[in-house]
Each structure stands twice: as structure tokens, then as C-alpha cells.
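Undergrad: one predicted model, sequence on top.
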Amino acid sequence: MPGFFVYEYVHKEGRRAEVRTVLHRAECRWCREGRGHPLNPGLKLGLGRWHGPFDAYPAALSAADAIAAPRCCQACHPA
Ligand SMILES: [Zn+2]
């Protein structure tokens with residue numbers, strides 16, 4: 001099923017923690033329709049969660065933007 005997902009996660013750097021978002025296509029190997037990659041450490045630690053599916057890129061973008069300025073996945077290039 002085509003579509004877009006937003007991955008929200010907590011990036012930790014020393015004492016600082018920052019919420020970040022990444023846009024993915026549903027079929028991306030890091031997304032797998034919101035199931036994520038089995039090796040993703042954030043999911044194992046409970047630091048990440050998925051939003052979606054979204055039918056179109058602009059909908060995913062605005063949902064992500066409401067949380068934190070998103071970046072695009074370098075594997076699936078959703079933009
Ligand atoms: Zn991706």
C-alpha cells in the first residue's frame with residue numbers, strides 16, 4: 001500500500017533530549033508501513049513512534065511539522 005509515514009523520536013545528546021521527525025514512504029525498509037526496521041534501536045527503547053499512514057506527502061509533512069521540523073529519509077526520498 002502506497003503512502004507516507006512520520007517517525008517521531010527522541011534524539012539524545014549528553015543531557016539534552018530533542019524530539020525529531022523523519023518522513024518516510026510506506027514501502028521504505030526503515031518504515032515497513034509503520035512497523036519500522038527490526039534493528040532500529042529507538043523502537044526497542046521505546047523512544048520512537050510512528051504516525052500514519054498519510055495518503056499524500058503534504059499531509060505527512062504538515063503532521064510532522066506540528067511536532068518538530070522534519071527531515072526526509074535518505075533511503076526512500078519521500079519528497
Ligand atoms: Zn525511508
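TA: Looks like it came in fine. Numbering: from 1, shown residues only.
Undergrad: C-alpha only now, for contacts and for neighbours.
TA: OK.
Undergrad: which ones are touching residue 29?
TA: Contact partners of residue 29, counting by C-alpha atoms under 8 Å, 6 or more residues apart in numbering, are 36, 37.
Undergrad: which stretches of the protein have low pLDDT?
TA: Within the chain, the stretches with pLDDT under 70 are 1, 41-44.
Undergrad: mind running it again at 80?
TA: Along the chain, segments meeting pLDDT under 80 span 1-2, 40-47.
Undergrad: need the longest helix for this protein.
TA: helix 57-65 (DSSP state H).
Undergrad: after it, which helix or strand is next?
TA: For helix 57-65, the following helix or strand on the C-terminal side (DSSP states H and E) is strand 70-72.
Undergrad: now for that next one, which elements pack on it?
TA: Counting contacts by 3 or more C-alpha pairs under 8 Å, 6 or more residues apart in numbering; DSSP states H and E, strand 70-72 is packed against strand 16-25.
Undergrad: quick one, the strand it packs on and helix 57-65 angle?
TA: 170 degrees (axes from the mean of the first three to the mean of the last three C-alpha atoms, to 10 degrees).
Undergrad: tell me which strands strand 16-25 pairs with, and in which orientation.
TA: Sheet pairing for strand 16-25, assigned by DSSP bridges, gives strand 4-13 (antiparallel), strand 70-72 (parallel).
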